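Trainee: Give the three-dimensional model of this entry:
(2 chains)
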Amino acid sequence: MSTDVENAPANDVRKASRWVYSSAVFLLCAWVIVPLYFLLINTLSSPEAVNAFPKSFIPEFDLGSLAFFSTFAGMLDALKNSILVAVLTMIMSIVVGAPAGYALSRFDFPGKELFRMLILLTRAFPLPLLALPLAVMFIRTGLDDTVFGLALVHTTLAIPFAVLITFSLFSGIPLELEEAAWTLGCTRLTAFTKVVFPLILPGITASAIFAFVISWNEVFAAAVLTIENRTLTAFLLTNLETSPLHLKFAGGFILVVPALIFIFAVRKYLFAMWGIANR
Amino acid sequence: MAEIQIKNVAKRFGDYQALQDINLTIADQEFMVLLGASGCGKTTLLRIVAGLETATTGEVWIGGRRIDHLPPKDRGIAMVFQNYAVFPHLTVFENIGFGLRMQKLPDDEVKRRVERTATLMHIEQLLKRYSGELSGGQRQRVAVARALAMEPDVILMDEPLSNLDALLRMEMRAELKGVLAESKTTAVYVTHDQVEAMSMADRISVMHQGEIVQAATPIEVYRNPAAEFVAGFIGNPPMNFLPAKSAGKGKWEVAGEKIDGPSSNGDLKFAIRPEDLRPADKGFSATAKVIEPLGAHLLVTCDVDGSLFRAVLDSDLSVSAGDVLTLAPQADRIRWFDPATTQSVA
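Mentor: Model (predicted):
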């Protein structure tokens, strides 16, 4: 009897905190999921339903809007360009970023801390500021309106992440493992390929996919630096502006879904990257 | 033949002199222990021999071949690390066979050698496991097996037992000593544990502040410490010291007692091991402070002439705190040190 009375306030507090917790989780989920759900519904609705009000919460599975895009002139080329640019960005940012991450984690050199900060500073300049000089330079060098030129810009955007992510991955691997490999007949290079690389491969894959997503989602540089060889984002952005509402929804859907799938696939490593789940 | 010669090796890290002018020869098949407190340079010296660190000056020779300019893989060494360094992405079998695969040995030879060393280290039933599925002791066995499978000229060990619990450490100590003696490999073993050093070594190099203070057999290091540091570092409890004043040629006055000693000038330090003291009619008068029964013995901490003094006495003796004992040192076990140079004086 008496214990019940004593425990009552404690139970109240526990119940209240559980309620706050679940409602916070619910709100956050709704914040992300509700817009995506509307996007999905409107994509799968007929033009009339999109413009109608009130809205139905159940999609009618009208594939008209999506079908429109599959026949839309230039769409496939833009998709191909997007994938090409993203793959190039992925490769270049890992090829440049991973060795830099390795060096930061394994060697001591003057200016190391400054270098780490400078890497972050590359993100401090807004792209619009750089776009005009870049465009001029690209036109002079003939890189304008090419897949490679755009991939270069995207690589610049992705490198800070690639460097910092691989830096934390390499730091998670004890130097002793490498030293053991050296004493067992490895050179610095073979110790890397036989011991370090297999251990960080999942993380490298994740950071490569992250670079892919950065490139896939980037629109400003893509819109400024390409004319004929538009990526999907730039292509849709310029075309959707003048399109009816239902096509805007469908276009948005097409842009969002691949990025979502990629991020979802590597979510485990995205946490590991930032050292949260670093074993 | 794999004699190791370390010639005038010095190492500095920036302003810090980690090693100063080390000269040491380790005979073929010898078990040499580098013993010292942390920061004395023992691990740095081992890593210089391994090639994981480069000496600022000096040379390292193994088996008559100068190796200090070679990468670790070309030195004919294998190393066991403090944290085992078992590769987490490979099975125990592939861990032990890693070095053999790097040498591009045929599969059946790799299999033969892996199985043999695994049996030697009693881990043959673990060959299919990954390091995450092993206990600390098992990982240590894998690390040793991996080094042995290389059949190296020299095996280097950096505090390999320090991460194991006390019982396992004692067990591994004896086992490791047996396995290494059988493998006929020259071994260099770094530790800060004097019991490990005493029980395993053919010779011990006691290191202090980047120098080798004494390199000798365990019993020699124990009985005839070359310097005051060694006398105070080796032995548990350590040696007792008392100031000695000259009382004529070859005679010294120690805590009111006249004792025969070396015929040198100036002051000396008298030193005696706690177990070399006996209760007697004539000797130092010692006031007992703390009495610790250790089963076989009685450790009595007392005060002799204002100095801390320990005696290991027979456990039959009845002593209580405050008692005044008369303790006589065993004459042939007395050692003398010069307080100016801290070196032993004969």
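
Trainee: what bits of the stretch 51-200 of chain A have low per-residue confidence?
Mentor: Applying pLDDT under 70 to the stretch 51-200 of chain A picks out no residues at all.

Trainee: per the record, what domains does the chain have?
Mentor: I went with chain A, as the question did not name one. Structural domains of chain A, as assigned by automatic domain parsing, span the residue ranges A:2-43, A:68-273.

Trainee: you looked at the wrong chain, it should be chain B
Mentor: What automatic domain parsing lists as the domains of chain B is B:4-232, B:241-345.

Trainee: How about the first one and chain A, any contact?
Mentor: Yes - with Cβ under 8 Å from any Cβ of the partner chain as the criterion, chain A is reached by domain B:4-232 at B:50-52, B:71-73, B:77-79, B:81-83, B:85, B:87-89, B:98-99, B:102-103, B:146, B:150, B:156. To be clear about C-beta, it is placed using only N, CA and C from the backbone, and glycine gets the same treatment.

Trainee: Check for me that A:Val213 belongs to a helix.
Mentor: Yes - membership of A:Val213 in a helix is supported by DSSP: H, G, I helix; E, B strand; the rest coil.

Trainee: sec struct for A:Val196, please.
Mentor: Per three-state DSSP, the local secondary structure of A:Val196 is helix.

Trainee: related to what we said a few turns ago, among the domains of chain B, which is the most enclosed?
Mentor: Scoring those by mean neighbour count under mean count of other Cβ atoms under 10 Å in any protein chain shown gives domain B:4-232 as the most buried, with a mean of 19.

Trainee: Do me a favour and get the end-to-end distance for that domain?
Mentor: When the termini of domain B:4-232 are compared using Cα to Cα, to the nearest Å, they are 29 Å apart.

Trainee: which residues in the stretch 1-150 of chain B form strands?
Mentor: Assignment of strands within the stretch 1-150 of chain B using DSSP state E, counting those that start in this stretch yields the ranges B:4-13, B:16-26, B:31-35, B:57-62, B:65-66, B:77-80.

Trainee: So which elements touch the last one?
Mentor: What it means is strand B:77-80. Under the contact definition 3 or more Cβ pairs under 8 Å, 6 or more residues apart in numbering or on different chains; DSSP states H and E, strand B:77-80 sits against helix A:175-183, helix B:42-50, helix B:136-149, strand B:154-158.

Trainee: now the helix or strand harbouring A:Asn11: mean pLDDT?
Mentor: Per DSSP states H and E: A:Asn11 is located in helix A:2-43. The average pLDDT for helix A:2-43 rounds to 82.

Trainee: Can you name the element that comes right after that helix?
Mentor: Where DSSP H and E defines the elements, the next helix or strand beyond helix A:2-43 is helix A:47-51.

Trainee: so where do the strands sit in the stretch 201-346 of chain B?
Mentor: So, for the stretch 201-346 of chain B - with DSSP E, counting those that start in this stretch - the strands run B:203-208, B:211-216, B:240-246, B:251-254, B:257-260, B:268-272, B:277-293, B:297-304, B:307-314, B:324-329, B:335-337, B:344-345.

Trainee: Not counting sequence-adjacent ones, nearest residue to residue 47?
Mentor: Because you didn't say which chain, this covers chain A. What sits nearest to A:Pro47 in space, not counting adjacent residues and going by Cβ to Cβ, 6 or more residues apart in numbering or on different chains, is A:His246, at 4.4 Å.

Trainee: that's the wrong chain, I wanted chain B
Mentor: Of all residues beyond its chain neighbours, the one nearest B:Arg47 is B:Glu53 (4.0 Å), with distances taken as Cβ to Cβ, 6+ apart.

Trainee: which residues touch that neighbour?
Mentor: With contact set as Cβ atoms under 8 Å, 6 or more residues apart in numbering or on different chains, B:Glu53 has these partners: B:11, B:44, B:47.

Trainee: show me where pLDDT drops low in the stretch 201-346 of chain B?
Mentor: Using pLDDT under 70 as the threshold, the predicted model of the stretch 201-346 of chain B has no low-confidence range.

Trainee: And the strands of the stretch 201-346 of chain B: which comes nearest A:Phe197?
Mentor: Within these, the stretch nearest A:Phe197 is strand B:203-208; the backing value is 37.4 Å (Cβ to Cβ).

Trainee: So what touches that closest one?
Mentor: By Cβ under 8 Å, 6+ apart, the list of residues contacting strand B:203-208 from outside reads B:24, B:26, B:30-37, B:40-42, B:45, B:197-198, B:212-218, B:221, B:229-230, B:233-234.

Trainee: what angle sits between it and strand B:31-35?
Mentor: 20 degrees (axes from the mean of the first three to the mean of the last three Cα atoms, to 10 degrees).

Trainee: Partner strands of strand B:203-208, with direction?
Mentor: Taking DSSP bridges as the criterion, strand B:203-208 sits next to strand B:31-35 (parallel), strand B:211-216 (antiparallel) in its sheet.

Trainee: any residue of stretch A:109-127 up close to chain B?
Mentor: No - with Cβ under 8 Å from any Cβ as the threshold, stretch A:109-127 lies outside contact range of chain B, at a closest distance of 12.7 Å.

Trainee: Give me the buried stretch members for that stretch, please.
Mentor: Along stretch A:109-127, these residues count as buried under the neighbour rule (16 or more other Cβ atoms under 10 Å in any protein chain shown): A:116, A:119, A:127.
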